[in-house]
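Peer 1: can't give you the sequence, but here's the structure:
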Ligand code: GLN
């Protein structure tokens, strides 16, 4: 089984110890052997993968390679990619082969990265367990009776199982950080507006951000350098000077002020999670960081605010799937109305329908002020909490999830599942960057992550702090036995 980090794979390619075709071949072999038990990849196309690898080898031979040329990567099924089925794990888009490519994917293709395939997710990125996929649940490589988390569960499982050195995910309310935590890998959700949303199938546009998922913070920094940047095709993309997100990797932690929000360290998280966080706190202190208690008093309000806003935006975004322009169309109908309603009834899964109904309700005349407008006000309060906290600290340490990965089939109560997003969704409401990194293991040997949250545009510092933790620990380098 290939065990390479992205950086190691890159070094092997550049020193010509391995070719891009050989490297892709190693991963394709591992995928063939282990994906049937995991269901992380939902679309593979060996010919396309090897063609990209051959092109990368030609570029390496010609001397025009970059650090990423020939390095394989997996894409969450939410990213449109020319010539690949881009289904967002929905029956609605099961027949959709994209005629264009998402900007973030194009950025990586331009560097010569090799597409291993498309990985599973909750349908339209709605969920926390990956069980809402039209293509069936992904299994956690640490214990296949458990979920990998969601919605980027396929991305997290593929990287954890070493079936890809890295993957792209997307995070609307925690979908990069929570599965990273559940699978023992590192995942970063950038500041809103840093990474283009063009070609990333929309769930809740004011919250959605793509981000890197890999074994290490260093690998995430390398990928962020390529995917971040202004894109005129995304109206909320931010025009800023290019940054080097690896610049703080070797910066010592001495003097760094870490805020510990008292609401997050109350009784919400289980014992294993608390213990893992205490280990991380000890590591940070050993390296000279200071900890300070901070408060995020509106934490509890972030769940209702998020589920109103995200559902409202989803109901609008998903109105485009009507069986006419693209997507699934019912085979039988008596008139136009019935064609719409049957196509949507057949094409969407139950969680997606639930969100569309909630969203349509909160946006409807007479309820708009009571729900949607109120939620927008709460959003502002939640964001303000973080600004107050960042007056006292540089970064915030928090759990990524209240527990390790649940057993498949145990998340049948939607409200209970929504409540488990308590540590991640406030970050999206506030548009902040945050990452999850491996921080230990629960009593049942499943991984647990710790979350670091920064103020807007502090990705370099966040990744640097995570890298320093990873230099002094080895949770991130442990892999499940398959
Ligand atoms: N679990 C959250 C939801 O279902 C977050 C999903 C996400 O970040 N895409 O909406």
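Peer 2: Perfect, I can see it now. Keep in mind that what you see is a predicted model, and the values were worked out from it rather than measured. Numbers count the residues shown, from 1 in each chain.
Peer 1: Residues of this structure that sit close to the ligand?
Peer 2: Within the chain, the positions lying close to the ligand (Cβ under 6 Å from any ligand atom) are 125-128, 151, 171-175, 203, 310, 421. Yep, even glycine has a C-beta here, placed from its N, CA and C like the rest.
Peer 1: Which parts of the stretch 351-482 of the chain are strands?
Peer 2: 395-399, 434-441, 447-454 (DSSP state E, counting those that start in this stretch).
Peer 1: Likewise for the stretch 201-350 of the chain?
Peer 2: 209-214, 257-261, 290-294.
Peer 1: Deepest in the core, which of these is it.
Peer 2: Scoring the strands of the stretch 201-350 of the chain by mean neighbour count under mean count of other Cβ atoms under 10 Å gives strand 209-214 as the most buried, with a mean of 30.
Peer 1: returning to that earlier point: how about the strands of the stretch 201-350 of the chain in TSV, adding distance to residue 401?
Peer 2: As requested, those are exported to TSV (distance: least, Cβ to Cβ, whole Å):
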stretch	distance to residue 401
strand 209-214	15
strand 257-261	15
strand 290-294	20
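Peer 1: would you turn those into CSV with mean pLDDT?
Peer 2: Formatted as CSV, the strands of the stretch 201-350 of the chain follow (pLDDT from 0 to 100):
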stretch, mean pLDDT
strand 209-214, 98
strand 257-261, 98
strand 290-294, 98
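Peer 1: what about the stretch 151-300 of the chain, any weak spots by pLDDT?
Peer 2: Along the stretch 151-300 of the chain, no part satisfies pLDDT under 70.
Peer 1: I'd like the strands of the stretch 351-482 of the chain as JSON lines, with mean neighbour count and mean pLDDT appended.
Peer 2: Formatted as JSON lines, the strands of the stretch 351-482 of the chain follow (neighbours: other Cβ atoms under 10 Å; pLDDT from 0 to 100):
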{"stretch": "strand 395-399", "mean neighbour count": "25", "mean pLDDT": "98"}
{"stretch": "strand 434-441", "mean neighbour count": "28", "mean pLDDT": "98"}
{"stretch": "strand 447-454", "mean neighbour count": "28", "mean pLDDT": "98"}
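Peer 1: Give me the next element, helix or strand, following the biggest helix by length in the chain.
Peer 2: Criterion DSSP state H: the longest helix present in the chain is helix 20-38. Note on helix 20-38: by DSSP states H and E, the next helix or strand toward the C-terminus is strand 41-43.
Peer 1: Return the set of buried residues in that following strand.
Peer 2: For strand 41-43, a neighbour-count test (16 or more other Cβ atoms under 10 Å) marks 41-43 as buried.
Peer 1: ditto for stretch 238-253
Peer 2: Residues 238, 245-246, 248-249, 253 are the ones in stretch 238-253 that count as buried (16+ other Cβ under 10 Å).
Peer 1: now, among those residues, which is nearest to the ligand?
Peer 2: Nearest to the ligand among the buried residues of stretch 238-253: residue 238, at 20.1 Å, using Cβ to the nearest ligand atom.
Peer 1: what sits against the closest one?
Peer 2: Taking Cβ atoms under 8 Å, 6 or more residues apart in numbering as the criterion, residue 238 is in contact with 191, 193-194, 230.
Peer 1: same thing but 6 Å
Peer 2: Residues near residue 238 by Cβ atoms under 6 Å, 6 or more residues apart in numbering: residue 193.
Peer 1: Distance check, the closest residue to residue 419 other than its chain neighbours against residue 310.
Peer 2: Leaving out its chain neighbours, the residue that sits closest to residue 419 by Cβ to Cβ, 6 or more residues apart in numbering is residue 303, at 6.2 Å. Residue 303 sits 11 Å away from residue 310, taking Cβ to Cβ, to the nearest Å as the criterion.
Peer 1: Spell out which residues sit in contact with the spatially closest residue to residue 424 that is not a sequence neighbour, please.
Peer 2: Excluding its sequence neighbours, the residue lying closest to residue 424 (Cβ to Cβ, 6+ apart) is residue 174, at 2.7 Å. Counting by Cβ under 6 Å, 6+ apart, residue 174 touches 421, 424-425.
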